[in-house]
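> Pasting the sequence and the predicted coordinates here, then a few questions.
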Amino acid sequence: MILVTGAGGALGQLVAGELAGRDDVVLGTRTPRSTAERRVDFDDPSSLDFTGVDTLLLISAGYGEDDVVIARHDAAISAAERAGVRHIVYTSLSGDGDHLAYALAHRWTERRLGRSPLAWTILRNGLYAEFLAGIAAPGPDGTIAAPLGEGRLAAVARADLAAVAARVAVEPERHAGRVYELVGERALGGSELAAAIGGSYEPCSLGATREAITGAGQALPYQVPMLVGTYSVIAGGFLDGSGIEDNALRTLLGREPRPALEVYEAVVAAARTAAEV
């Protein structure tokens, strides 16, 4: 049996779609809605019952302070060990992302898996192309005002990462002990993004961006340095894919990856349509 955690999230739903039709897949979610789903809540250890599970696709339980995320992942791995799970496939963060504020919990989890008696595979996912559409969203006049400098991001279509995760989870023994880097093949900067949507790119400062994020009141306190730090790392040239020696995305997909620029354009267009309604 394959159990997918976080099946209610954006990545988890796509993975569920990739695995649809298989009778050996159970979807783990906080709020199960069918017999094909099982309650899995990382904040409730009593719900981490992995009895009968052969492969656990552990989708990172982010959206929290480091100690919270680490506790969640440790609880899940410990539960898998107790239940006799054979293999854990973990969705981590790309190897060039160590400067990001949220990298620590991912690297801790990788080390925890390295100490585990279970077989494991680590999928080091690049940042989503959909996320790029959020941090470089154009204003009403088409202007992208973001502190990206001249930096570029090797973003990846979330659907491609879901397809890779599903493929690995179905045949985990072929990937035991492997750490796969999965980043975009073409890095994108502010100028390319603006040109794609017929707008303009105006770099701004990190300080101004921090003030804007804080003033909007939509980000939790711990998320503010995460967002500002992400801009800083991109602008510094650390997430353009040049630090990745072996990008396994195309190989594991078995096809050409979806262009991140195409994803960016689609998300921006959808946002514009929604704003007009």
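Noted; the coordinates are in hand. Values in this document were obtained by computation on a predicted structure and should not be read as measured data.
> would you list every one of the helices in this protein?
10-19, 66-83, 103-115, 129-135, 158-170, 190-196, 206-216, 223-235, 249-253, 260-276 (DSSP state H).
> Of those helices, flag the one that's most buried.
Highest mean neighbour count among the helices of the chain (mean count of other Cβ atoms under 10 Å): helix 158-170, with a mean of 22. For the C-beta atoms, the positions are set from N, CA and C on the backbone; glycine is no exception.
> Next, the angle from that one to helix 260-276.
With axes from the mean of the first three to the mean of the last three Cα atoms, to 10 degrees applied, the angle from helix 158-170 to helix 260-276 works out at 120 degrees.
> Remind me what helix 158-170 packs against, helices and strands.
strand 2-4, helix 10-19, strand 55-59, strand 87-93, strand 119-125, strand 179-182, helix 249-253 (3 or more Cβ pairs under 8 Å, 6 or more residues apart in numbering; DSSP states H and E).
> What lies in contact with the helix or strand bottoming out on mean pLDDT in the chain?
When each helix and strand of the chain is scored by mean pLDDT, DSSP states H and E, helix 260-276 comes last, with a mean of 91. Helix 260-276 has contacts (Cβ atoms under 8 Å, 6 or more residues apart in numbering) with 129-130, 132-133, 136-138, 154-158, 184, 186, 188, 192-193, 196-197.
> likewise stretch 216-234?
For stretch 216-234, contacts defined as Cβ under 8 Å, 6+ apart pick out 64-65, 97, 99-102, 127, 135, 146-149, 151-153, 206, 209-210, 213-214, 239.
> filter the residues you listed to the buried ones?
64, 97, 100-102, 127, 135, 146-149, 151-153, 209-210, 213, 239 (16 or more other Cβ atoms under 10 Å).
> So which of these sit within strands?
Members of the buried ones among the contacts of stretch 216-234 lying in strands (criterion: DSSP state E): 146, 152, 153.
> what residues are up against residue 206?
Contacts for residue 206 (Cβ under 8 Å, 6+ apart) come out as 147, 228, 231, 232.
> Apart from its chain neighbours, what residue comes closest to it?
residue 147 (4.9 Å; Cβ to Cβ, 6 or more residues apart in numbering).
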